[in-house]
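Undergrad: Sharing a model that was predicted from the sequence below.
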Amino acid sequence: MKKFKYSIYTFPLLFTLLFSLPAVSSDKTVNDYSYYIGFSAFGSLFSDMDGMSNNAVGFGETITAGARVKNIGSYFKISTDRWLAAETSMGIKKGVLNFAFGFETLLFKNRIRMSIEAGTSTLRFNTAFDEKGSTGIYAGFNPGALRWYPGKKKKFVIELTPFMLAVQKPVLKQPVILRVEYRTVFGIEVPF
C-alpha cells in the first residue's frame with residue numbers, strides 16, 4: 001500500500017519535468033517588467049490525510065498581484081477553495097478563503113516559475129464543531145509552473161502548473177481541520 005502512496009507524489013513531478021523540456025529549449029525571452037496581476041483556476045483530486053480517503057476533490061480560483069525585479073519577485077494572493085462533500089450526500093461546500101504572501105523566481109528564460117507562499121486560511125461554512133470564520137494557517141509550494149507567451153507582443157502569459165502542494169488548516173483547535181491538496185492550476189498573468 002505504501003508504494004501506491006508514493007506514486008501519487010511521483011507522477012505529477014515527472015509530468016512537470018517532462019513537459020518543461022520544450023520550455024527549457026526555447027530561445028524566446030520576455031521583457032523585464034515590474035508589476036503584474038494574475039487570474040487562475042485550480043482543481044484537486046487527491047489529498048494525503050492519515051486515516052482518510054485520498055479522494056479530496058476541491059476547486060477554486062485565485063487573484064494574484066505581484067512585483068518582480070528581473071527574475072525574483074514577491075506577490076499577494078487571494079484564493080477561494082470549494083470542497084466536494086461526500087460523507088453522507090454529494091454536495092459542494094464553500095470551503096476556505098486563503099490570503100497568502102509569497103516569493104517566486106523565474107527560471108529558463110522566464111519559462112518556468114517556482115514559488116513558495118504562506119498566509120491564513122478562513123473557514124467559510126459551519127461545521128459540527130466549528131463556526132464559519134475560524135482562521136488558521138495556509139502554505140503552498142509550486143515546484144514548477146510552465147509559462148507561454150502567445151503572440152509577438154507578449155501582452156500576457158499563459159501558465160500551467162501540473163502539480164502544486166497546498167496545505168490548509170483553517171481550524172487549529174481540536175478537532176482540527178487539515179487539508180493537504182495536490183492541485184493542477186491554469187492561469188493568465190498580465191504585466192503592467
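TA: That came in fine, so what should we check first? Residues are numbered from 1 along each chain as shown.

Undergrad: make it CA atoms for all contacts and neighbour counts henceforth
TA: Will do.

Undergrad: just the strands in the protein please.
TA: Ranges of strands within the chain are 35-47, 55-69, 72-85, 91-107, 112-123, 135-148, 157-171, 177-191, based on DSSP state E.

Undergrad: Can you tell me how far the residue lying closest to residue 57 once chain neighbours are set aside is from residue 181?
TA: Once flanking residues are discounted, residue 57 sits nearest to residue 45: 4.5 Å by CA to CA, 6 or more residues apart in numbering. Going from residue 45 to residue 181 by CA to CA, to the nearest Å gives 8 Å.

Undergrad: If you count surrounding residues, which of the two has more?
TA: Taking neighbours as other CA atoms under 10 Å, residue 45 and residue 181 compare with residue 181 leading, 25 against 15.

Undergrad: What distance do you get for that one to residue 98?
TA: 14 Å.

Undergrad: Next, the contact list for residue 97, please.
TA: 78-81, 121-124 (CA atoms under 8 Å, 6 or more residues apart in numbering).

Undergrad: what is the spatially most central residue of the chain paired to in the beta sheet?
TA: Computing the C-alpha centroid of the chain and ranking residues by CA atoms, centre = their mean puts residue 164 first, at 5.0 Å. Here residue 164 sits in beta bridges with residue 183, going by DSSP bridges.

Undergrad: Would you mind confirming that it makes contact with residue 143?
TA: Yes: using CA atoms under 8 Å, residue 164 makes contact with residue 143 at a distance of 6.9 Å.

Undergrad: so who does residue 40 touch?
TA: Residue 40 touches 61-63, 185-188, counting by CA under 8 Å, 6+ apart.

Undergrad: which of those residues tops the neighbour count?
TA: residue 185 (22 neighbours).

Undergrad: Now for that one: which residues touch it?
TA: 40-43, 159-164.

Undergrad: ok so, going back, okay, the strands of the chain in JSON lines with mean pLDDT and distance to residue 129 next?
TA: What follows is these, written out as JSON lines (pLDDT from 0 to 100; distance: least, CA to CA, whole Å):
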{"stretch": "strand 35-47", "mean pLDDT": "89", "distance to residue 129": "22"}
{"stretch": "strand 55-69", "mean pLDDT": "89", "distance to residue 129": "20"}
{"stretch": "strand 72-85", "mean pLDDT": "92", "distance to residue 129": "16"}
{"stretch": "strand 91-107", "mean pLDDT": "92", "distance to residue 129": "15"}
{"stretch": "strand 112-123", "mean pLDDT": "95", "distance to residue 129": "12"}
{"stretch": "strand 135-148", "mean pLDDT": "95", "distance to residue 129": "14"}
{"stretch": "strand 157-171", "mean pLDDT": "93", "distance to residue 129": "10"}
{"stretch": "strand 177-191", "mean pLDDT": "91", "distance to residue 129": "10"}
